[in-house]
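Trainee: Predicted model and sequence below, questions to follow.
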Amino acid sequence: MKPLIAGNWKMNGLADAASEIEALIAKMDGSAPADRDVAVCPPATLLAGFAARYSDEAIQFGGQDCHAEASGAHTGDISAEMLADAGAAFVIVGHSERRADHGETDAAVRAKAEAALRAGLTPIICVGETQEERSTGRAFDVVRTQLAGSVPTSGPRSGPLADDDYVIAYEPVWAIGTGLTPTLEDIAEMHEDIRERTGAGARILYGGSVKPANAAEILRVRNVNGALVGGASLKANDFYAIVAAAAG
Ligand code: 13P
């Protein structure tokens, strides 16, 4: 399976962050590696500009969230159609920060993922347990429930959901931005459990403190088909080192 390395810039980046995209493209010699997909999900304010300036280059772009509806009276929200129109190929949905900060339920996340499919985007659907859920032995139950509730049951245009219509990202909440990561065995166990509940060909990314120093070993774990990278995606040098670690 072709790995996907996706950067989630979260609420970081002003116009001058274009220099990081340019540095990343330069490091990739200006062309997409045939054996890996590389995407950056910048803030919405930067998305259209980046996608217009750097289309046909080595990287794809994505949004960080979308509304479930295509248009309407939803002040401040952005629809999947708008992201597609801005040049996005992906959209992250159900990130734990949105589940926590905005009270997004599994049903809301599924509606957003369905909106992404409707708009021709690939949703990156995030799941993951908190520290308390892990320490009380509930990590697998929590992630199974999130998967069952958040992943669409049908694909674009009401056809069946195909494995390449969507991406799952397993991001243990306690590993995000903390420098902590699960053991490789714990990652393997959870990814295997997710695999049993998703298509054999669907990509399952790992996210949570992926850094240049640990990327290669994490990306070699069975059923890890790429990474969703936060802090280390903000600097071209670090993000490129993770992209390079995904080389076949
Ligand atoms: P960090 O890589 O900063 O831990 O963030 C992970 C994440 O939340 C990506 O979506």
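Mentor: Done, it's in.
Trainee: What count of nearby residues applies to Asp37?
Mentor: 21 (other C-beta atoms under 10 Å). All C-beta atoms are positioned from the backbone trio N, CA, C, and that covers glycine.
Trainee: likewise Tyr54?
Mentor: 20.
Trainee: show me the contacts for the residue nearest to Lys211 when sequence neighbours are not counted.
Mentor: Using C-beta to C-beta, 6 or more residues apart in numbering and skipping the chain neighbours, the partner closest in space to Lys211 is Ala232 (5.1 Å). Listed by C-beta atoms under 8 Å, 6 or more residues apart in numbering, the contact set of Ala232 reads Val210, Lys211, Pro212, Asp238, Phe239, Ile242.
Trainee: For His191, grab the count of nearby residues.
Mentor: 20.
Trainee: In space, what's closest to it - neighbours in sequence excluded?
Mentor: Leaving out its chain neighbours, the residue that sits closest to His191 by C-beta to C-beta, 6+ apart is Asn223, at 3.7 Å.
Trainee: residues touching Gln60, list them.
Mentor: Contacts here follow C-beta under 8 Å, 6+ apart; on that basis Gln60 touches Asp37, Val38, Ala39, Val40, Ala89, Phe90.
Trainee: mind checking how far the residue nearest to Lys211 is from Ala52?
Mentor: For Ala232, the distance to Ala52 (C-beta to C-beta, to the nearest Å) stands at 26 Å.
Trainee: Val243 now?
Mentor: Val243 is 22 Å from Ala52, by C-beta to C-beta.
Trainee: So for these two, which sits in the more crowded spot?
Mentor: A count of neighbours by other C-beta under 10 Å puts Val243 above the other of Val243 and Ala52, at 27 against 11.
Trainee: okay, the helix or strand containing the more buried one in CSV with CA atoms only?
Mentor: Taking DSSP states H and E as the definition, Val243 sits inside helix 236-245. What follows is helix 236-245, C-alpha atoms only, in CSV (Å, rounded to 0.1, in the frame of the first residue of the first chain):
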residue,chain,number,x,y,z
ALA,A,236,10.3,21.5,6.1
ASN,A,237,13.5,19.8,7.3
ASP,A,238,11.6,17.7,9.9
PHE,A,239,8.7,16.9,7.7
TYR,A,240,10.9,15.9,4.9
ALA,A,241,12.9,13.6,7.1
ILE,A,242,9.6,11.8,8.0
VAL,A,243,8.6,11.7,4.3
ALA,A,244,12.0,10.2,3.5
ALA,A,245,11.6,7.6,6.3
